[in-house]
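1. Sequence first, predicted model second:
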Amino acid sequence: MILERSTVLVNMGSFDNAKEEPGVLLRRRLHSNKLSQADAARIFGKSRAWASQELFADPRKTLRRMLIDQPATLDTFAKALGWSSRDELLIDMDLFEGTLLAGDSPLILDPKPAQPARELWPNLALAIEEYGDRARYREMATPHWRDYLNTFDFYDGNDLSPEGWAELFLTLKQSNVRPGEE
């Protein structure tokens, strides 16, 4: 992605912020601009719960998605939090690497690769294989459900049995949990 230098005002001090955790950086910027999580959610047209569960829980993933789905809104958000552009925000969030070239050259942004997905729980894979062709469990094999279930961490560090995964899926589904939806 190449941006004209005239549209990007680079605050050289902002590169130091990349060392700060993204959620901490966003909260600090909200506070310094006298904004709340609810204000951040309103900018995106989302709920306060979304801000807490999505934006501040995994800022890099959420902002990467917003860059694709709502780039103009991401601009508004960045400016409300004191960045000169969404590009500066994305550099500070460590989603892109910024390189200033000599003279009047543009700012080059190189996308950083997303973190690799965590390995699927072995018994979750077995549950999907064993139960996935049954009508009640068919959704369990979809990427949204598979990835959502795979995020569960258990206090003892042990994997559920395939039957346990199937039961967990049904419980969540019957409780109207809809992974990947707002």
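-> That came through, no problem.
2. Leaving out chain neighbours, which residue sits closest to residue 162?
-> Nearest residue to residue 162, sequence neighbours excluded (C-beta to C-beta, 6 or more residues apart in numbering): residue 127, at 3.9 Å. Bear in mind the C-beta positions are built from the backbone N, C-alpha and C, glycine included.
3. Before we go further, the one you found is sitting in a helix, right?
-> Yes: assessed with DSSP: H, G, I helix; E, B strand; the rest coil, residue 127 lies in a helix.
4. what helix or strand does residue 89 sit in?
-> Assessed by DSSP states H and E, residue 89 sits inside helix 86-92.
5. Of all the residues in that helix, which ones are buried?
-> 86-92 (16 or more other C-beta atoms under 10 Å).
6. what helices or strands is that helix leaning on?
-> Based on contacts counted as 3 or more C-beta pairs under 8 Å, 6 or more residues apart in numbering; DSSP states H and E, the elements that helix 86-92 packs against are helix 59-69, helix 71-80, strand 96-100, strand 107-111.
7. Residue 74 and residue 87 touch, don't they?
-> No: using C-beta atoms under 8 Å, residue 74 makes no contact with residue 87, being 9.8 Å away.
8. Residues contacting the longest helix along the chain, please?
-> Longest helix of the chain, by residue count under DSSP state H: helix 162-174. Identification of contacts with helix 162-174 by C-beta atoms under 8 Å, 6 or more residues apart in numbering yields 121, 123-124, 126-128, 130-131, 136-137, 139-140, 145, 149, 152, 160.
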